[in-house]
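Q: A structural model of the following input is requested.
(2 chains)
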Amino acid sequence: MTVKKFTFPLLVVAGVFLVTSLAVRSPVAAVPRREGPALASPGADISPVVESVDRELGRAWAAHRLEPAEAADDLTILRRLSLALHGTIPSLEEIRRFEADSSPDRLAIRVSEMLDDTRFSDYFAERLARTFVSVDTGQFLIFRRDRFVEWLSESLRKRVAYDRLVREMIAAEGVWTGQPEVNFLTQAYANDEFDYNKLAARTARAFLGQRIDCAQCHDHPFAEWKQSQFEELAACYGQVRLSPLGLNDSKDREFKVLDGDGTTEKVVSPGVPFSSEWMAVEGGRRTRLAEWVTHPENERFARATVNRLWALMFGKPYAAGRPVDDLPNPGDPATADDLRLLDLLARDFRDHGYDLRRTIRVIAASRAFRMSSVHPQAESDRLNDLEQHWAVFPLIRLRPEQVIGAMVQSSAIRTIDQNSHLFSRAIRFFRERDFVNEFGDPGDAELQERPSTIPQALLSMNGQFAEELAKPSPFNSSGRLGQVETTPERLLDDAFLICLTRHPNAEERAVLLPELQKGDSPSEESIQDLFWVLFNCSEFCWNH
Amino acid sequence: MFTRREALRIATAAGVSFLWPGLSARAAERRGPERAKSLITLWMAGGPSQMDSWDPHPESGNAGGITALRTSAPGIEIAQHYPQMAEQMRHLSVIRSLVSKEGDHERGTYYLLTGYRPDPTVQHPSVGAILTEEQPAPGVEIPQHIVLATGEGFVVPRGGYLGDRYDAFRVSNPGDNLQNMEQRVPAARQARRLESLDVLSRSFAAGRKRQVEGTMHGHVIDEALAMMKSPQLRAFDLKTEPAELRAAYGENGFGRGCLIARKLVEEGVRSIQVVLHGFDTHADNFDGQKTQAGILDPAFATLVNDLKQRDLFDSTIVLCIGEFGRTPWINPLGGRDHWPSGFSCVVGGGGLRSGVLIGRTNPDIRDDDAGKLAKIPADPIEVPDLYATILRQMGVDGSKEIITPIGRPLALCQGKPIDRLLPG
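A: Got it, this is the predicted structure:
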């Protein structure tokens, strides 16, 4: 009788466990962790362009009479890389392995390993998805963001060239579940119709780095975009429609706009705002547009992409003081000098098959990425100049999923990746949503500088999640360290490495050790307090 | 024989007399119309059906059994599901002819929260954020822009280009303990934690002082700590309110939220939004709207009455609105679909004129009516005009232009105030 009574609840529990496992399963088979040196001198192929980048940086510094900051230490750079490429911080396991590697190019080796890791393709798929389809939920059933992000992730994993990726999106056809790239277009479906203007604006912003949205309603006040050019660009998407077979172009559909006084409709033919000779001669409207956008001579395409990659690595775009998707025209004399580095990277990106990973490696190897955020002149009125010309590494607030990634990783000693225990991944899966909701999603404006807010402070000081992670248990690092580490000094050192990717300094040791040294071994409370402090300091949630 | 109206009035007065708690002896507490004004928005998420609430048409074939109640405002009738509101109508005005071009939930909500249609070039601030930014309330240690909701999610009025700090502060499960407001350890331990935090902040700031100041992190921690200790948090505590009053508002998330809204007004909070979900009745409209009315009617009516009794009504604008209305015709599932061309809101308080009725809709439009003109109501009111009215009444110049982050000047509100609602 007793057994029967428990059968149903047990089945329910098993069912829940099964469903959860299915939800957090990785789409990719477990990848064996690489041991030992991965590549022989992985930086060799890019060293000429890295030298050019560094030379260009040096030229700008000299021109503005700026002394660059000193090089940051390797652990700091490792943390920056983890945050930029994986949305999390290095685990204790990874740190120990890194510290044990004495090769002079261990950072370059690490970058290559990180780019091979599926965590990169998953994280960057999400970051790039924001560019392509923003954060709106779109029309129910017609827009499948989850499928779109999966497709992006898979394309990144298979190292699909970026220009091909973009062409696939612009010219996509089919059903948005079977051909997930179609979601690039169905995201613009609302109120039972396609918003062609939205697609045109997004094409210009995401792929050309130009905001021509103003020209939707009138001629742009301070650039040369005319309303007619915007309409022609929108007309390239003007034949898109939904049918039982999914999304495709209807050849007999015309794109119409209302004339000036809003009464008569006129047909607008597809066109591009410049260099129409780059449009393919044959094919549907969108195929021709796709060829135009990704044409090798279209400098804006490479520039826009490289500016965004820089922004994803540093937290803000290379072209200072402007939105990431609103660049000056190439060759514009007022800014040409400032943007020489950008053009250099753009040319390299294009010349090497629009390989995202290559450009990332170049940026990661540059002096700008490897310098410290500490600068002797930071107190002076030169701070703005230093930041604008990349003579000091900027302080940028972590995004919510980076914060949660960092917290979840800090609660473990081993690396949490797709090989990880189901339990760890499940925690992340459930908590991430709640946390992002509370922490605040910056939405489209994610790459603009934003200070901390009160709800975030309340969340990290008093929130349940942080408390759970900090409270010692057999499953987390605060618990395991308490059991494993022999001395309070070692425990403190490990805790700092786990949370802040550095060793504590003398003052910190002096203040923090006494609580841990009370009694025979550090109390659970003192360990929990230590982790609370590490989670709540600004160093934890600001990239530096 | 008492008329129905008189009977209602006596019953309410009798009810109120035992609901009226002794006002606390806070000498500094100001009342009456000279107080700085607050805005309470009751947000009807999903799109409330105007034909089942503030714009009944009992004579129409589309009425579906809705009858009209006369209210204390002459000439204004509302649906029979709202008997308590019928009593309070004389303090409020009704607009029946709001028009919008946004029939999608997300876009419609954006439009109704900000007064601007979604625009990829700029994030517009919500009206609540504008009020908070233009009229900061000195001495208020808790957030001045707050949104209260339950369970199904927030409809968060954002700060937009004014900045994240003007985003509405979110309170889920009003009436429960505030999330994340209480420190989790006793005072001595918390003090030790904060001391250690200081040491780490010093290490980080070494050599980076100005940059670290720019993060506002330390400042924000201090503000959060001040909020955690502030006596003004009592506004969120319902245990001090009499049980009868809580019952009058309704023992549900929305009712509790409305009661907290009143308390927040007393503390000087500038803008409060209380969210009620469940109006998106694409199927089974009549039961659905009736259920909603069962929650909205007592909460709204008690709120108005409560504010009146405490002499706060003249300094509090109350607005009840959703992202759009619902179709006059019934669909095959017995539901009504989205309808932005002639929907209703109720607005009053803060010195606005009461008893005003604006607009008239046609309930007999068919689904297949050709041409767009048939849908537009008489005396259409664009949504921005409603907000221009509210801003004007609260002493904010809606036409003031702000330079947005992309360099484009933009007025806070693009509407013109509705003179019929403004006093004098």
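
Q: So what pairs up with A:S243 in the strands?
A: Assessed by DSSP bridges, A:S243 has beta-bridge partners A:G246.

Q: That one - how many residues pack around it?
A: 9 (other Cβ atoms under 10 Å in any protein chain shown). To be clear about C-beta, it is placed using only N, CA and C from the backbone, and glycine gets the same treatment.

Q: gap between it and chain B?
A: A:S243 sits 21 Å away from chain B, going by Cβ to the nearest Cβ, to the nearest Å.

Q: what's around B:I272, how many residues?
A: Around B:I272 there are 30 residues (other Cβ under 10 Å).

Q: Tell me if it really is in a strand.
A: Yes - assignment of B:I272 by DSSP: H, G, I helix; E, B strand; the rest coil places it within a strand.

Q: Once you drop chain neighbours, what's closest to it?
A: In space, and not counting its chain neighbours, B:I272 is closest to B:A261: 4.6 Å by Cβ to Cβ, 6 or more residues apart in numbering or on different chains.

Q: how distant is the helix or strand containing that neighbour from the center of its chain?
A: Under the criterion of DSSP states H and E, B:A261 resides in helix B:253-267. Distance of helix B:253-267 from its chain centroid, counting by Cα atoms, centre = their mean, to the nearest Å, is 11 Å.

Q: Buried residues of it, list them for me.
A: B:253-267 (16 or more other Cβ atoms under 10 Å in any protein chain shown).

Q: what about that helix, average pLDDT?
A: Average pLDDT, helix B:253-267: 95.

Q: which is the next helix or strand following the helix or strand hosting A:R202?
A: Assigned by DSSP H and E, A:R202 falls within helix A:196-202. For helix A:196-202, the following helix or strand on the C-terminal side (DSSP H and E) is helix A:208.

Q: Kindly provide the whole-number mean pLDDT of that next one.
A: Helix A:208 comes out at a mean pLDDT of 93.

Q: Skipping its backbone neighbours, what lies nearest whichever residue of the stretch 251-400 of chain B sits closest to chain A in space?
A: The minimum distance from the stretch 251-400 of chain B to chain A, using Cβ to the nearest Cβ, falls at B:H338 (9.0 Å). Nearest non-adjacent residue to B:H338, counting by Cβ to Cβ, 6+ apart: B:G103, 4.5 Å away.

Q: Then A:Q388?
A: A:Q388's closest residue in space is A:A320 (Cβ to Cβ, 6+ apart), at 4.3 Å.

Q: now what about the helix holding A:R202, what contacts it?
A: For helix A:196-202, contacts defined as Cβ atoms under 8 Å, 6 or more residues apart in numbering or on different chains pick out A:132, A:134, A:185, A:188, A:211-213, A:216, A:230, A:233-238, A:240, A:255, B:120.

Q: Take those residues and keep only those in helices.
A: Within those, residues falling in helices by DSSP state H are A:132, A:185, A:230, A:233-236.

Q: Would you reformat those residues as JSON lines and include pLDDT?
A: Formatted as JSON lines, the ones in helices among the contacts of helix A:196-202 follow (pLDDT from 0 to 100):
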{"residue": "A:F132", "pLDDT": "91"}
{"residue": "A:L185", "pLDDT": "90"}
{"residue": "A:F230", "pLDDT": "85"}
{"residue": "A:L233", "pLDDT": "89"}
{"residue": "A:A234", "pLDDT": "89"}
{"residue": "A:A235", "pLDDT": "90"}
{"residue": "A:C236", "pLDDT": "91"}
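
Q: distance of A:D348 from chain B?
A: Separation of A:D348 from chain B (Cβ to the nearest Cβ): 30 Å.

Q: Phi and psi next, for that residue.
A: When read as degrees, to the nearest 10, the backbone of A:D348 gives phi -60, psi -40.

Q: Just give me the neighbour total for it.
A: 21.

Q: my read: it touches A:V49, true?
A: Yes - if you go by Cβ atoms under 8 Å, A:D348 and A:V49 touch, sitting 4.9 Å apart.
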